[in-house]
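1. turn this into a model:
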Amino acid sequence: RHQRAALLRQVQKAARARRHIVTIGGTTHGRRRGCITAPGHSIPEAIAAERAGAKLLFVSPVFATRSHKGGSPLGRVRFGLLTRGCRLPIIALGGMTAPRARSLAAFNIYGWAAIDGLMRQKRNAVPT
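-> Numbering: from 1, shown residues only. Next up is the predicted model:
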């Protein structure tokens, strides 16, 4: 637990330095009225998020990911169908890497997030 708290502090510090926002599930994320962020795994969830007043929609899993083991990823086509007409800014999650995020540019995503995708890129980076 202490390791996770220390990691969170590091992430928050790095995010502030880059003018990014860190959100944590709980009071800011959900399907209730007044939530700031909401999940969008389907069209009904995206509609419910808009109706609840969410400000940002996390759509996942776009690609295969360890966090949704056994789940069927949306892929680009279903991602596009789910987000088409959505009035909320979209954050793409699930198996995301920088090249995959670029491949979703036509869908006007607001941003993307990753855990393993960022870790792999850093591990494979050439030391400078």
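2. what's the first helix or strand after the lengthiest helix in the chain?
-> Once the chain is assigned using DSSP state H, the helix that runs over the most residues is helix 2-17. Under the assignment DSSP states H and E, the closest C-terminal helix or strand after helix 2-17 is strand 37-40.
3. other residues contacting that next one?
-> Strand 37-40 is touched from outside by 23, 28-31, 45-46, 48-49, 52, 54-60, 82-83, 86, 90-91, with contacts defined as CB atoms under 8 Å, 6 or more residues apart in numbering. For the C-beta atoms, the positions are set from N, CA and C on the backbone; glycine is no exception.
4. buried sites along the next helix or strand after that strand?
-> Counting by DSSP H and E, the element after strand 37-40 in chain order, helix or strand, is helix 43-52. For helix 43-52, the buried set under the neighbour-count rule, 16 or more other CB atoms under 10 Å, comprises 45-46, 48-49.
5. quick one, phi psi at the residue nearest to the spatial centre of the chain?
-> Ranked by distance to the mean C-alpha position of the chain (CA atoms, centre = their mean), the top residue is Leu93 at 3.6 Å. Torsion angles at Leu93 (phi, psi; degrees, to the nearest 10) stand at phi -130, psi 160.
6. separation between the residue nearest to it when sequence neighbours are not counted and Asn108?
-> What sits nearest to Leu93 in space, not counting adjacent residues and going by CB to CB, 6 or more residues apart in numbering, is Ser60, at 3.7 Å. Look at Ser60 and Asn108: by CB to CB, to the nearest Å, they are 17 Å apart.
7. the two: who's more crowded?
-> Ser60 (22 against 10; other CB atoms under 10 Å).
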